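1. please find the sequence and the predicted model below.
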Amino acid sequence: MFNNSFNLGVSISALLVCIVNLIYTFIERRTDKTQNRIFISIICILIVNSISGMITGIYGDNPGESGYIYQVFQVSKYAYFVTHTALCPLFFYYVCCLSFVSNKMKSMKAKLIFMPFFITEILAVTNPLTHYVWSYKDGEGFHREWGEFLIYIAALIYYILSFVILGRTWKVISGKRKAALVFFFALVGVGVFLQLIKKDLKVEVLAEAVGFTGVLIAVENEDDRIDFGMGFYNRAALRLDIGSCLRNRRDLHIIIMHIHNYDLIDRIVGDEDTNIIADILSDYLKSITKRYHIYVPDKDKIVMTFYSDVYSDADRIAERIAERFDETWIYKDYTVQFNVSVILADLPDQITSTSELFYMIDNPVPADNEKKVLKGEDLQFIMRRRAVESALSRGFTENSYEVYYQPTYHINRRLHGAEALIRMHDGQLGNLYPDEFIPVAEQCGLIDDIDDFVLEEVCRFVSTGIPQKCGIDNINVNLSVIQCMRPHFVERINEIVERYNVEKSFINFEITETIAANDYEILSGTIQRLKEEGFLFSMDDYGTGYSNVSAIFSLNLDVIKIDKSLLWGAEKSELGMVILENTIRMICQMKKKILVEGVETLEQIRLLEKLGVDFLQGYYFSKPIPKDDFIKHIEKASAAVR
């Protein structure tokens, strides 16, 4: 039914497909990884098999028992069986590399897995002497012997093993890779099955060639894994690769570099067409390890992986990296100094999940760090962060949150108001302070609930009438920019305040100076709507960020809170006094009220009286205290005035 011409056409088609795959692989330079080299080897095997099929298509299976045609026929059959026997074992190893289990191939148990390949390959290689795989008799032509049956059994074993390994790592394989591998398995299975039941239908090699084309498109092509601006693997690739290593218990050393001054360097020497990491650091990073072990999950973060069975001196590598970043870099006409923290962690001893890894990547290194390389016990901050996140999650069910109040005073030392401050008393971790848990709450999505809790507690307190009776003018409530940006924010604020029938002018929202400096154009619309409802607004911590004067004017604020650092700096130096004096003078000229934080001594109060500020806040009057203590404090202050 299927003549030689048909089989010749099928073999030529398979050959052309393989040649195109091979050329494309070299054009794209996908040749450096182990899996790339295995892929190339498989394509070369299929090329040899296609040529063998072409010879069969030209001369048939019975070219006689003498002459050069017979010799060509014998060589082609020999080359076919010797190479094709290795095809499925090679694909199995390809899947092992893809799934990060190739290191296990070094164990004695794993070597036993390749025993069927060794046996069948010996059968193929020694066939000219034994004729166990195939034989040729004049007049009868080509015959398949029992050895070929063993080759197919071995191929089936590796086919199934490949499927098992993929099944174990299925969750950490990207969608398009899954589709390509399923396509390959299905197509090859159909091709082999058809050739088994119809031996004169030579479609097995073509099915394999087309199947590997799908693998080339979806697996070997790594466009979705590479950040082309930087030339290294991206965040998604890191997540998948680490997930595969964890799933298959692959031991890794991981080095994480946090570039703290990336934005500053980018503003100084970069432009929109360049990437600083790619331009300055690329060659250096690739001198340490292969490019496919380098990831850039964020523009200012670099991650490098080192297999434990290959690199035994990861500590020294990390130290060398830290020492190099202590030196300067020459870029174009600039001398660049990076401020970098280096973290060394082991997988799976210290990193047991991808979420833990991304904790290390996404969260700032502790501010009090003085070591060049953080490793071992230095990484406890990761466990601390996870513990804080768990505490935040259970905080509302266990009533861990509490609102403290710190009073504010007029410059004449009469009671003015208070600032509401969140505190946390966790049953397992003890007392937690906002500097630690608020950044975590912002990142894990609980900041909205915390902000709403503070506002509701303040409104509940104000609705008792106690603050008003004691002469409190308003209570300040901190406002996170994340909360301010959420949909229906204004409506939500109004709903909470109106539920407790609180006068809106009694609530003074505080936004931080650093937030306002960056986002005041976005915030101005929301703030204006709330001010029209009657709420007041203050800028907190003025003097700690960019001190954007335009933000003060554009946001139509009622009070500017000068950070304690300006007050304390004025006591230490003449320059500090000049800064404080001119800051206060400027704000007064803008007709804004001024509150100074950090007041701790009578001398500071007298200084601020001369400078003409309006309100004071600090430990001279009171530290932040629980509500019951605050009520006693303001009742005492109110009685003293009467």
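-> Structure's in. What do you need? Residues are numbered from 1 along each chain as shown.
2. next, the buried residues of the strand of greatest length in the chain.
-> Across the chain, the strand with the greatest residue count (assigned by DSSP state E) is strand 415-426. Neighbour-count burial for strand 415-426 flags 415, 416, 417, 418, 419, 420, 421, 422, 423, 424, 426 (criterion: 16 or more other C-beta atoms under 10 Å). Placement of C-beta: from N, CA and C, glycine included.
3. same question, stretch 89-106
-> Buried, per 16+ other C-beta under 10 Å, within stretch 89-106: 89-103.
4. list the contacts of it.
-> Identification of contacts with stretch 89-106 by C-beta atoms under 8 Å, 6 or more residues apart in numbering yields 33-35, 38-39, 41-42, 45, 110-111, 113-114, 116-117, 154, 158-159, 161-162, 165-166, 168-169, 173, 177, 181, 219, 241, 244-245, 247-248, 250-251, 307, 309.
5. for the record, mean pLDDT for that stretch?
-> Per-residue pLDDT over stretch 89-106 has a mean of 77.
6. do the same with stretch 353-372
-> In this model, stretch 353-372 carries a mean pLDDT of 77.
7. next: stretch 436-452.
-> Rounded mean pLDDT across stretch 436-452 is 84.
8. end to end, how far does it reach?
-> Using C-alpha to C-alpha, to the nearest Å, the span of stretch 436-452 from its first residue to its last is 19 Å.
9. mind listing what's buried along that stretch?
-> 437, 438, 440, 441, 442, 446, 447, 448, 450, 451.
10. hang on, the earlier thing: closest one to residue 255 out of the buried residues of strand 415-426, please.
-> Of all the buried residues of strand 415-426, residue 255 sits closest to residue 426, with 33.0 Å by C-beta to C-beta.
11. just give me the neighbour total for the closest residue to that closest one other than its chain neighbours.
-> In space, residue 426 comes closest to residue 391 once its chain neighbours are excluded; the distance is 4.2 Å by C-beta to C-beta, 6 or more residues apart in numbering. Counted with other C-beta atoms under 10 Å, residues neighbouring residue 391 total 21.
12. one step back: just the ones in helices from the contacts of stretch 89-106, please.
-> With helices taken from DSSP state H, the overlap with those comprises 34-35, 38-39, 41-42, 45, 110-111, 113, 116-117, 154, 158-159, 161-162, 165-166, 168, 177, 181, 241, 244-245, 247.
13. list only buried entries from these.
-> Neighbour counting with 16+ other C-beta under 10 Å marks 35, 38-39, 41-42, 45, 113, 116-117, 154, 158-159, 161-162, 165-166, 177, 181, 241, 244-245, 247 as buried within those.
14. hmm, back to that, isn't the residue nearest to residue 426 right up against residue 432?
-> Yes - the criterion here is C-beta atoms under 8 Å, and residue 391 meets it with residue 432 at 6.6 Å.
15. which residues are in contact with both of these two?
-> Common contacts of residue 391 and residue 432 (C-beta under 8 Å, 6+ apart): 424, 426.
16. ok, and the closest non-adjacent residue to residue 387?
-> residue 429 (6.0 Å).
17. ok, the one you found touching residue 389?
-> No - the pair residue 429 / residue 389 is not scored as a contact, 11.0 Å apart, by C-beta under 8 Å.
18. show residues contacting the helix or strand containing residue 282.
-> Of the helices and strands defined by DSSP states H and E, residue 282 is found in helix 282-288. Here helix 282-288 makes contact (C-beta under 8 Å, 6+ apart) with 230, 231, 232, 291, 294, 302, 304, 317, 321, 324.
19. got it, and stretch 143-156?
-> The contact list for stretch 143-156, computed with C-beta under 8 Å, 6+ apart, reads 81, 84-85, 87-89, 116-117, 119-120, 123-124, 127, 130-137, 192, 196, 199.
20. how about a cut-off of 10 Å?
-> The set of residues external to stretch 143-156 that reach it, using C-beta atoms under 10 Å, 6 or more residues apart in numbering, is 61, 81, 84-89, 91-92, 114-124, 126-127, 130-137, 159, 188-189, 192, 195-196, 199.
21. out of those, which end up buried?
-> With neighbours counted by 16+ other C-beta under 10 Å, the contacts of stretch 143-156 contain buried members at 61, 81, 84-89, 91-92, 114, 116-117, 120-121, 123-124, 127, 132-134, 136, 159, 188, 192, 195.
22. so which of those residues are in helices?
-> Using DSSP H, the buried ones among the contacts of stretch 143-156 in helices are 81, 84, 87-89, 91-92, 116-117, 120-121, 123-124, 127, 159, 188, 192, 195.
23. related to what we said a few turns ago, looking at the buried residues of stretch 89-106, which is nearest residue 565?
-> Using C-beta to C-beta, residue 100 comes nearest to residue 565 of those, at 49.7 Å.
24. what separates the closest one from residue 343, distance-wise?
-> Residue 100 sits 21 Å away from residue 343, going by C-beta to C-beta, to the nearest Å.
25. also residue 416?
-> In this view, residue 416 and residue 343 are 46 Å apart by C-beta to C-beta.
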